[in-house]
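In: I would like the atomic coordinates for the input below:
(chains A and B)
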2 protein chains.
Amino acid sequence: MPHLQDDLDHLKERMLVMAGAVEEQVRASVQSLVGRDHRLAERVLTGDDAINRLHIEIDERCFQLLALHQPVATDLRVVVSGVKINSDLERIGDFAINVAEATLRYLEHPAVKPLIDVPRMADIAQGMLRDSLNAFVRQDIRLAREVLDRDDSVDHLKDRVFRELIGVMCTDAAVTQPALELLLISRHLERIGDHATNIAEEAIFIVSGRDVRHHGREGGGRGADAPSPGEQ
Amino acid sequence: MPHLQDDLDHLKERMLVMAGAVEEQVRASVQSLVGRDHRLAERVLTGDDAINRLHIEIDERCFQLLALHQPVATDLRVVVSGVKINSDLERIGDFAINVAEATLRYLEHPAVKPLIDVPRMADIAQGMLRDSLNAFVRQDIRLAREVLDRDDSVDHLKDRVFRELIGVMCTDAAVTQPALELLLISRHLERIGDHATNIAEEAIFIVSGRDVRHHGREGGGRGADAPSPGEQ
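Out: Numbering: from 1, shown residues only, chains lettered A, B, ... in the order given. Now for the predicted structure:
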């Protein structure tokens, strides 16, 4: 029978692999938008299969780990958080798909505007994803807290993108559809940041045993779908 | 020491309470839109606190149950699925908040169009939520499968709402903003249906031990954020 610690290490390893695959999907989806690269966007659409397999594999690992080792205390928290983080990662992968799909529709039209804030949002969100996973694996509370701080920047950028696009949306009928796609893309990126925030909150919970969710976040939401005052 | 079965029953009971509270939030948010009722929308915004408390309570219950009883087989699946379903419920509660927020912005403008498809979407999504939870609690696979079937209707309605609103969005500058809010609301409702689908998939997993996620759903997504061909 394998040791609990080995199984936990292996679980974390596989979660890092999944996070890497998900991050690559996010990167590629935004790259396909910025570089107007149809083929890259198409590749993102098929890149989801590997992530879905990892999603199921990691879920099973967590389940087996609980059944076999019946861990307690911090080890139990790692596994329960693993289940939740696994869902967050899978969801982020789905958002990358959403971005690629919107990109393919966007590319049917001429460019609406130079893309500055959207890639910036993507950069921050990818960094949040990477750091939140590292914070989980290394049980690094400081890094996790840094991730929480960065979520506001993503939200503010999305608000700006929304305002700007609503402004141009109807100046020209040809712009309505692509502007809407960009608007949806910026929302997907915002949600990726929110899921990374969830992961960071789990990392804090594992180490401190303290639940930092639903505290000090506007609207009482947990991040992912909290009210977004900028959508006006 | 309480018995495992008592604790499991109590867990399910509390999850039904949470689902009821979440469903009421969804109902009220859409009612505030249809009835142009500011005060009801405001009430939804504050109604999230109870759900957030339940979210934390249920998470703790699952954790304690694992630590105390170290359940195996079906009981273990119920608890692990409980953790995931709890996240889905909380997320649905956040979407109700999103709907209420968008409604408050929508109500600053004259009505864009008679609301027919949006309340219909909400009805189906609420039914899906209710039935998915019942399927989980009663371990009723047939009911869970019915929920999966209904997700397509919600998606189709959202596609129709999108098409219609994109058509009117720029006919009149005064309509752009409220049409966008309705469009976002229809997307929130679609995602509520997707989360109910997740819950139904967990219910099937508990009984059959078979993971029905990532099978036979377009785009490989798990529902919640799978590509949505109608957004064009």
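In: need the helices for chain A, in chain order.
Out: Secondary structure of chain A, counting by DSSP state H: helices at A:4-34, A:38-46, A:48-69, A:73-106, A:117-138, A:141-168, A:173-208.
In: how about stretch A:168-176: buried residues?
Out: A:169, A:170, A:175, A:176 (16 or more other C-beta atoms under 10 Å in any protein chain shown). Yep, even glycine has a C-beta here, placed from its N, CA and C like the rest.
In: near chain B at all, it?
Out: Yes - counting by C-beta under 8 Å from any C-beta of the partner chain, chain B has neighbours in stretch A:168-176: A:169, A:170, A:173, A:176.
In: Including distance to residue B:40, could the helices of chain A go into JSON lines?
Out: Formatted as JSON lines, the helices of chain A follow (distance: least, C-beta to C-beta, whole Å):
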{"stretch": "helix A:4-34", "distance to residue B:40": "38"}
{"stretch": "helix A:38-46", "distance to residue B:40": "40"}
{"stretch": "helix A:48-69", "distance to residue B:40": "38"}
{"stretch": "helix A:73-106", "distance to residue B:40": "30"}
{"stretch": "helix A:117-138", "distance to residue B:40": "33"}
{"stretch": "helix A:141-168", "distance to residue B:40": "25"}
{"stretch": "helix A:173-208", "distance to residue B:40": "25"}
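In: So for the buried residues of stretch A:168-176, which is the shakiest by pLDDT?
Out: Ranked by pLDDT, those bottom out at residue A:170, which has 81.
In: Report the spatially nearest residue to it, omitting neighbours in sequence.
Out: Distances taken as C-beta to C-beta, 6 or more residues apart in numbering or on different chains place residue B:170 nearest to residue A:170, at 4.0 Å, with adjacent residues excluded.
In: where does the one you found fall, phi/psi-wise?
Out: Geometry field for residue B:170 lists phi and psi as phi -110, psi 10, criterion degrees, to the nearest 10.
In: Isn't it up against residue A:166?
Out: No - with contact defined as C-beta atoms under 8 Å, residue B:170 and residue A:166 do not form a contacting pair (11.3 Å).
In: quick one: low-confidence ranges for chain A?
Out: Along chain A, segments meeting pLDDT under 70 span A:1, A:215-232.
In: Show me the residue at the heart of it, geometrically.
Out: residue A:192 (3.0 Å; C-alpha atoms, centre = their mean).
In: for that residue, what are its contacts?
Out: Residue A:192 sits next to A:26, A:92, A:95, A:96, A:125, A:128, A:129 when contact means C-beta atoms under 8 Å, 6 or more residues apart in numbering or on different chains.
In: tell me, which of those make contact with chain B?
Out: Among the contacts of residue A:192, the residues within reach of chain B (C-beta under 8 Å from any C-beta) are residue A:95.
In: ok, of the contacts of residue A:192, which one's closest to residue B:155?
Out: Of all these, residue B:155 sits closest to residue A:95, with 17.0 Å by C-beta to C-beta.
In: Who's the closest spatial neighbour of that closest one, skipping the chain neighbours?
Out: The shortest distance from residue A:95 to any non-neighbouring residue, by C-beta to C-beta, 6+ apart, is to residue A:188 (4.5 Å).
In: next one: residue A:193
Out: Closest to residue A:193 by C-beta to C-beta, 6+ apart is residue A:154, at 3.8 Å.
In: Can you name the residues that contact the nearest residue to residue A:186 once chain neighbours are set aside?
Out: Distances taken as C-beta to C-beta, 6+ apart place residue A:161 nearest to residue A:186, at 4.1 Å, with adjacent residues excluded. Going by C-beta under 8 Å, 6+ apart, residue A:161 touches A:117, A:118, A:121, A:182, A:183, A:186.
In: I'd say the fourth one and residue A:116 touch.
Out: No - when contacts are counted by C-beta under 8 Å, residue A:182 is not listed as touching residue A:116 (11.6 Å).
In: Neighbour count: those two, which is higher?
Out: Between residue A:182 and residue A:116, counting by other C-beta atoms under 10 Å in any protein chain shown, residue A:182 is the more crowded of the two (26 against 12).
In: contacting residues around the more buried one?
Out: Applying C-beta under 8 Å, 6+ apart, the residues near residue A:182 are A:102, A:106, A:112, A:113, A:115, A:118, A:161, A:165.
In: Tell me how far it lies from residue A:111.
Out: Residue A:182 sits 10 Å away from residue A:111, going by C-beta to C-beta, to the nearest Å.
In: Nothing else from me, thank you.
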